[in-house]
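Asks: Predicted model and sequence follow; I will ask about them next.
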Amino acid sequence: MKIIPAPLFLLISLYACAQTTVVAPSIAKAFISQNSKKAVKDTVMESDTSKENKEPRYYYISVNTDVFVNTKGRVAKRFSPAVEFGRTYGIFDIGLATGRFSSLNKGSDSSHYIEFRPTINVFSSGRFAEGLCLGGGYVFTAKQGLMTEIGNSINFNISTTVAVAVTQGYVFFDGTNSSRSTQYMGFAFTYNFLRKHSVNNQRKKKAILTTN
């Protein structure tokens with residue numbers, strides 16, 4: 001057997017070490033690159049999931065049929081219809097309502113009013129929800145023209161676009177020389193402007209089908 005000269009053996013050893021040094025960083029880079037791609041992919045999936053969890057936003061129109069319960073007279077004198085148009089931001093509604101008090105009652109004061117009505121859902125479970133309204137408005141040409149409202153409602157979502165509610169609350173009227181308050185009860189019918197296959201419709205559907 002021939003003996004490899006020392007210089008040749010030294011060159012072979014150096015070449016082997018060099019190859020090992022090059023391979024190691026290559027493996028490390030490949031491992032880091034794979035993990036980075038996985039992290040980016042997970043981040044994108046998480047971002048998509050968070051987008052789907054956003055609350056629905058849409059316009060609505062509501063017809064309110066209230067009756068004052070602590071006022072003398074027939075129902076026709078105590079009947080107060082109104083129409084409200086607004087926008088929903090998840091559990092918060094911002095609406096503008098117009099209507100009239102004592103719709104068939106004639107007198108010197110006007111019964112027409114306009115009111116700003118913010119409402120928040122304080123509780124919801126599936127198709128049911130409870131709302132709290134703190135409103136304020138003005139009765140045109142009335143001696144007690146300033147009006148404020150505190151009311152709550154129990155709402156039932158028949159579908160994503162149609163809802164009904166039982167309402168009750170108090171309305172306060174203030175004037176320069178006098179003031180009064182009255183209580184009402186009634187029903188509300190709401191239509192939500194949601195397209196059938198829209199994202200907001202899907203979010204609304206998910207919200208009413210989920211029991212907290």
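Replies: That came through fine. Bear in mind the structure is a predicted one, so any value in this text is a computation, not a measurement. Residues are numbered from 1 along each chain as shown.

Asks: contacts, neighbours, all on C-alpha from now
Replies: Noted.

Asks: Give the residue spans of this structure that score low on pLDDT.
Replies: Low-confidence segments of the chain (pLDDT under 70): 1-53, 103-110, 211-212.

Asks: One more pass at 80, please.
Replies: Under the criterion pLDDT under 80, the flagged ranges of the chain are 1-54, 71-73, 76, 102-110, 210-212.

Asks: can you give me the strands for it?
Replies: Under the criterion DSSP state E, the chain contains strands at 57-68, 79-89, 92-100, 112-125, 128-139, 146-157, 162-174, 179-193.

Asks: Domain parsing of the protein, as residue ranges.
Replies: Under the assignment automatic domain parsing, the domains of the chain span 1-53, 57-209.

Asks: returning to what we had before: how about the strands of the chain, which one is nearest residue 205?
Replies: Across the strands of the chain, residue 205 has its closest neighbour in strand 146-157 (9.8 Å, C-alpha to C-alpha).

Asks: Work out which residue lies at the spatial centre of the protein.
Replies: residue 90 (0.4 Å; C-alpha atoms, centre = their mean).

Asks: so who does it touch?
Replies: The contact partners of residue 90, by C-alpha atoms under 8 Å, 6 or more residues apart in numbering, come to 55, 56, 57.

Asks: Now, of those, which are buried?
Replies: Neighbour-count burial within these applies to 56, 57; the criterion is 16 or more other C-alpha atoms under 10 Å.

Asks: from the contacts of residue 90, which is closest to residue 124?
Replies: Using C-alpha to C-alpha as the measure, the one of the contacts of residue 90 that approaches residue 124 most closely is residue 55, at 13.5 Å.

Asks: And the nearest residue to the closest one once chain neighbours are set aside, its phi and psi?
Replies: In this structure, residue 55 finds its nearest non-sequential neighbour in residue 90, 4.7 Å apart by C-alpha to C-alpha, 6 or more residues apart in numbering. Recorded main-chain torsions at residue 90 are phi 70, psi -110, according to degrees, to the nearest 10.

Asks: thinking again about what came up before, let's have the strands of the chain in CSV, adding distance to residue 210.
Replies: As requested, the strands of the chain are arranged in CSV below (distance: least, C-alpha to C-alpha, whole Å):
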stretch, distance to residue 210
strand 57-68, 18
strand 79-89, 18
strand 92-100, 18
strand 112-125, 7
strand 128-139, 10
strand 146-157, 12
strand 162-174, 16
strand 179-193, 19
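
Asks: out of these, which comes closest to residue 199?
Replies: Comparing these by their distance to residue 199 (C-alpha to C-alpha), the top pick is strand 57-68, with 9.7 Å.

Asks: so how far is the closest one off the chain centroid?
Replies: 17 Å (C-alpha atoms, centre = their mean, to the nearest Å).

Asks: so what strands line up beside that strand?
Replies: For strand 57-68, sheet partners with direction are given as strand 79-89 (antiparallel), strand 179-193 (antiparallel), following DSSP bridges.

Asks: Compute the distance between the closest residue to residue 179 other than its chain neighbours and residue 145, please.
Replies: Distance criterion C-alpha to C-alpha, 6+ apart; nearest residue to residue 179, sequence neighbours excluded, is residue 173 at 5.4 Å. Separation of residue 173 from residue 145 (C-alpha to C-alpha, to the nearest Å) stands at 7 Å.

Asks: just to revisit the earlier point, need the winner for burial among the strands paired with strand 57-68.
Replies: Between these, the one whose residues have the most neighbours on average, counting mean count of other C-alpha atoms under 10 Å, is strand 79-89 (a mean of 19).
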